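K.L.:
Got a predicted model here, sequence first, then my questions.
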Amino acid sequence: MSAEGTVAGFRCGYIAIVGRPNVGKSTLMNKLIGAKVSITSRKAQTTRHRITGIQTRDDAQYVYIDTPGFQTRHGNALNKTLNRTVTNTLTAADVVLFVVEAGHFADADAKVVSLLPASVPVILVINKADHVKDKAILMNFAQQVAQKFNFTAIVPVSAKQGFQLDRLEGEIRNHLPEGERIFDDDDITDRSEKFLAAEIVREKVFRFVGDELPYTSTVVIEQFEQEGNLRRVFAAILVGRDAHKAMLIGQKGARLKEISTQSRLDMEKLFGGKVYLEIWVKVKSGWADNEASLRAYGYE
């Protein structure tokens, strides 16, 4: 071992996870690192930030970067900002995971292929492989996608079920550079607890309100305090209209109470301690219409 405690031949590097919206990128990263640091939802465009997840093994440290799904419509500042996050991440990665959904390859997937760097190893990850019962059909699909780019490897997986993730991890390690670890062994993300708290609330907003609420709604942590093992979190959900506010609050406040309860439980599990959580809903129209506003709310 080296003076820093790193074994000879230790590998460490950044792995970008890219693909169109809703192919399971966040679920994949959460499973790979063994903790929920990137939010998941059936609603498209849930991931808006570049989220880092860290997994340290005896012989390697994997620094995964979950990116927003690439947007093929560039109509507003938010979509442009999301796409810039994706392209910037690709240029800095040591390995790229291009994630597609088994049996589905559309124009949006092809758009992401056009961005893949030729100078970086790219692994084709076919997620939800368990949904295709006929393995011959899955193999034929893999061969069709493989013709679109010079992939380093092709690995069918089920992120949700954990199927073949050990094989995927092995393929990734093969292409990571040798070097010392970047983060401490017990780190699982480089994001602050305040940021993670906002993401947890935002996930519950989309989970309980779904397609009724525009994806531009967001969450701001107005106050985050820690007293020993207790965290006090005061959050505001920003929406564009009074109707959206009423939608989130629900009948006699029932929906907001459920969002708060489920958010608090997730925070307590992730932070390993008790959480006192208060959430308000505020109307703030036009917050996502320009890039200055986006930067003010933490978008990269």
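P.N.:
Here it is on my side, so go on.
K.L.:
Tell me, how many residues neighbour the closest residue in space to residue 242 that isn't next to it in sequence?
P.N.:
Counting by C-beta to C-beta, 6 or more residues apart in numbering, residue 242 lies nearest to residue 283, which is 5.8 Å off, once chain neighbours are set aside. C-beta here means a position set from N, CA and C on the backbone, and glycine is covered the same way. A count of nearby residues for residue 283, using other C-beta atoms under 10 Å, gives 12.
K.L.:
For residue 283, give its distance to residue 260.
P.N.:
Distance of residue 283 to residue 260, given as C-beta to C-beta, to the nearest Å: 19 Å.
K.L.:
Just confirm residue 31 contacts residue 162, I think it does.
P.N.:
Yes - the pair formed by residue 31 and residue 162 meets the contact definition of C-beta atoms under 8 Å, at 5.8 Å.
K.L.:
neighbour count winner among those two?
P.N.:
Each of residue 31 and residue 162 has its neighbours counted (other C-beta under 10 Å); residue 31 has more, 21 against 11.
K.L.:
so which helix or strand takes in the more buried one?
P.N.:
Using DSSP states H and E, residue 31 sits within helix 25-33.
K.L.:
buried sites along that helix?
P.N.:
Applying a neighbour-count criterion of 16 or more other C-beta atoms under 10 Å, one finds 25, 26, 27, 28, 29, 30, 31, 32, 33 buried in helix 25-33.
K.L.:
With distance to residue 217 and pLDDT as added columns, please give the residues you listed in JSON lines.
P.N.:
Shown next, in JSON lines, are those (distance: C-beta to C-beta, whole Å; pLDDT from 0 to 100):
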{"residue": "25", "distance to residue 217": "21", "pLDDT": "89"}
{"residue": "26", "distance to residue 217": "18", "pLDDT": "86"}
{"residue": "27", "distance to residue 217": "22", "pLDDT": "90"}
{"residue": "28", "distance to residue 217": "25", "pLDDT": "94"}
{"residue": "29", "distance to residue 217": "23", "pLDDT": "91"}
{"residue": "30", "distance to residue 217": "22", "pLDDT": "90"}
{"residue": "31", "distance to residue 217": "27", "pLDDT": "93"}
{"residue": "32", "distance to residue 217": "28", "pLDDT": "94"}
{"residue": "33", "distance to residue 217": "27", "pLDDT": "91"}
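K.L.:
Now flag whichever of the residues you listed is closest to residue 203.
P.N.:
Of all these, residue 26 has the smallest distance to residue 203: 9.4 Å, by C-beta to C-beta.
K.L.:
isn't the closest one right next to residue 66, touching?
P.N.:
Yes - Residue 26 is within contact range of residue 66, at 5.4 Å (criterion: C-beta under 8 Å).
K.L.:
Thanks a lot, see you next time.
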